[in-house]
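A.B. asks: Could you look at this predicted model? Sequence included:
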Amino acid sequence: MTPFSKSRIRQSQLFCLAAISLLISSASISSVQADSAFGSAKGEHVILLGGTFAERLQYFGYFESLLSRHESARDLVVRNMAWPGDEVALMPRPYNFVISAGTGAEDDPDPGYKFSFESDADHETLMAHLEAQKADTLLLCFGANESFKGEAGLDKYAEDYQKLIEHLSKKKFNGKSKARLIIVSPIAQEKLGAPYSDPKERNQNLKLYAAKTAEVAKKNGLLFVDLFAPTFTRMSQTQGKHLTIDGSQLNAHGQKIVAEALATGLGITDPWSDKLEPIRKLIVDKNKQFQYRWRPINGEYVYGRRRDPFGIISYPPEMAEWDKIIAGLEQKIYSEAKKLKSSK
């Protein structure tokens, strides 16, 4: 046998060992997984949906920083469209919020002067905004709010989740292809001691809903990331350094830990580094500007009853200025991510 042949055999052995190692390290990920969780297109639009857990990711920027470094060559567009209190079958939005998407969705013909929210049970408002954002990949982070219903609510939760997936799977939000869906479980609740209640029963329910979420993902052949198991384990090993502010909402330390767990579930194994801090600050600013644009504090002047000129300014055209600000910040993020990648 020639030295060349021995070398080729050794390379094959190493490749097999690496493949086995990768399978072991991906134990918390569904067996249904594409080569890349986010496809291969440049400028992929990634949207986060869910309740408070997903919504609060934007204020810290750790997960998106890890994502930006890993996908630095692809200039991902990340938009956090989660909303506190959202459930798979309950996404109340301000009156006439649908028309702020600018996709031609019809306004309410008779809004009157009542103050109310629309439940969006048919997800029409959600669909309009996903179309406006040209969504390619959706991270669905549900189950925490629904878990308060306990074991009795499991079947209804699965049924509602299935309906949401079917709704989302029918649409081509980017105009070319159906959205890629990624399912994320709820996290555990941390035991903080008095005056906070013991989360034992709460975690039993969260575990049930995480398992049911995994079933729904498997049924639909979707990538599933389990955050309950790793957070439950980590929360029992804090040694005084807690991950949450109240047992359920992550603090800065917890955000960093969970960001790494979520990234790992998506195949991004590089840990957090302080070298990412400049990118993180830009991401937090970009997210803040997007929220000003997408979810303005006083929507009455943007999509509500006073959107037509009320005084001397018409606000809807002014919102385009935020698009420029966001685009400028994204270019800085891309530039910093590429510089960091090339410095390795």
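C.D. replies: Perfect, thanks for sending it.
A.B. asks: So what's the gap between stretch 150-163 and the chain middle?
C.D. replies: In terms of C-alpha atoms, centre = their mean, to the nearest Å, the centre of stretch 150-163 is set 21 Å apart from its chain centre.
A.B. asks: What are the contacting residues of that stretch?
C.D. replies: 87-89, 142-143, 146-147, 149, 205, 208-209, 212-213, 215-216, 219-220 (C-beta atoms under 8 Å, 6 or more residues apart in numbering). Placement of C-beta: from N, CA and C, glycine included.
A.B. asks: 10 Å instead, please
C.D. replies: Stretch 150-163 is contacted by residues 87-90, 121-123, 140, 142-143, 145-147, 149, 183, 201-202, 204-205, 208-209, 211-213, 215-217, 219-220 when judged by C-beta atoms under 10 Å, 6 or more residues apart in numbering.
A.B. asks: of the residues you listed, buried ones?
C.D. replies: Among the contacts of stretch 150-163, those buried by neighbour count (16 or more other C-beta atoms under 10 Å) are 87-89, 123, 140, 142-143, 145-147, 183, 202, 205, 208-209, 212-213, 216-217, 220.
A.B. asks: In helices, which of those fall?
C.D. replies: Applying DSSP state H to the buried ones among the contacts of stretch 150-163, the entries found in helices are 202, 205, 208, 209, 212, 213, 216, 217.
A.B. asks: Tabulate those residues in JSON lines, adding columns for pLDDT and distance to residue 270.
C.D. replies: Below are these laid out as JSON lines (pLDDT from 0 to 100; distance: C-beta to C-beta, whole Å):
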{"residue": "202", "pLDDT": "97", "distance to residue 270": "33"}
{"residue": "205", "pLDDT": "98", "distance to residue 270": "34"}
{"residue": "208", "pLDDT": "98", "distance to residue 270": "33"}
{"residue": "209", "pLDDT": "98", "distance to residue 270": "30"}
{"residue": "212", "pLDDT": "98", "distance to residue 270": "31"}
{"residue": "213", "pLDDT": "98", "distance to residue 270": "26"}
{"residue": "216", "pLDDT": "98", "distance to residue 270": "30"}
{"residue": "217", "pLDDT": "98", "distance to residue 270": "25"}
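A.B. asks: Which one of those is nearest to residue 226?
C.D. replies: Of all those, the one with the least separation from residue 226 (C-beta to C-beta) is residue 213, at 8.6 Å.
A.B. asks: and stretch 317-330, what's its mean pLDDT?
C.D. replies: Mean pLDDT, stretch 317-330: 89.
A.B. asks: Stretch 188-200 too?
C.D. replies: pLDDT averaged over stretch 188-200 gives 94.
A.B. asks: and if you look at stretch 168-184?
C.D. replies: Taken as a whole, stretch 168-184 has an average pLDDT of 96.
A.B. asks: If you count neighbours, what's buried in the helix or strand containing residue 277?
C.D. replies: In this assignment (DSSP states H and E), residue 277 forms part of helix 277-294. Applying a neighbour-count criterion of 16+ other C-beta under 10 Å, the buried positions in helix 277-294 are 278-280, 282-287, 289-291, 293-294.
A.B. asks: what does the next helix or strand after it contact?
C.D. replies: Next in sequence after helix 277-294, counting helices and strands by DSSP H and E, comes helix 315-318. Under the criterion C-beta under 10 Å, 6+ apart, residues 99-100, 102, 296, 298-304, 306-309 lie in contact with helix 315-318.
A.B. asks: who are the neighbours in contact with residue 213?
C.D. replies: 88, 140-143, 146-147, 157-158, 161, 183-186, 224-226, 228.
A.B. asks: That one and residue 124: what is the separation?
C.D. replies: Separation of residue 213 from residue 124 (C-beta to C-beta, to the nearest Å): 24 Å.
A.B. asks: With residue 247 instead?
C.D. replies: As for residue 247, its distance to residue 124 is 35 Å (criterion: C-beta to C-beta).
A.B. asks: Find the nearest non-adjacent residue to residue 50, please.
C.D. replies: Nearest non-adjacent residue to residue 50, counting by C-beta to C-beta, 6 or more residues apart in numbering: residue 141, 3.1 Å away.
A.B. asks: How many residues are close by residue 246?
C.D. replies: The number of residues packed near residue 246 is 12, by other C-beta atoms under 10 Å.
A.B. asks: ugh, wrong one, I meant residue 180
C.D. replies: By the measure other C-beta under 10 Å, the count of residues near residue 180 is 19.
A.B. asks: Likewise for residue 59?
C.D. replies: When neighbours are counted by other C-beta under 10 Å, residue 59 comes out with 13.
A.B. asks: How about it, nearest residue that isn't a chain neighbour?
C.D. replies: Nearest non-adjacent residue to residue 59, counting by C-beta to C-beta, 6+ apart: residue 284, 6.7 Å away.
A.B. asks: Please identify the helix or strand for the spatially most central residue of the chain.
C.D. replies: Central residue of the chain (C-alpha atoms, centre = their mean): residue 48, 2.8 Å from the mean position. Element membership for residue 48 (DSSP H and E) is strand 45-50.
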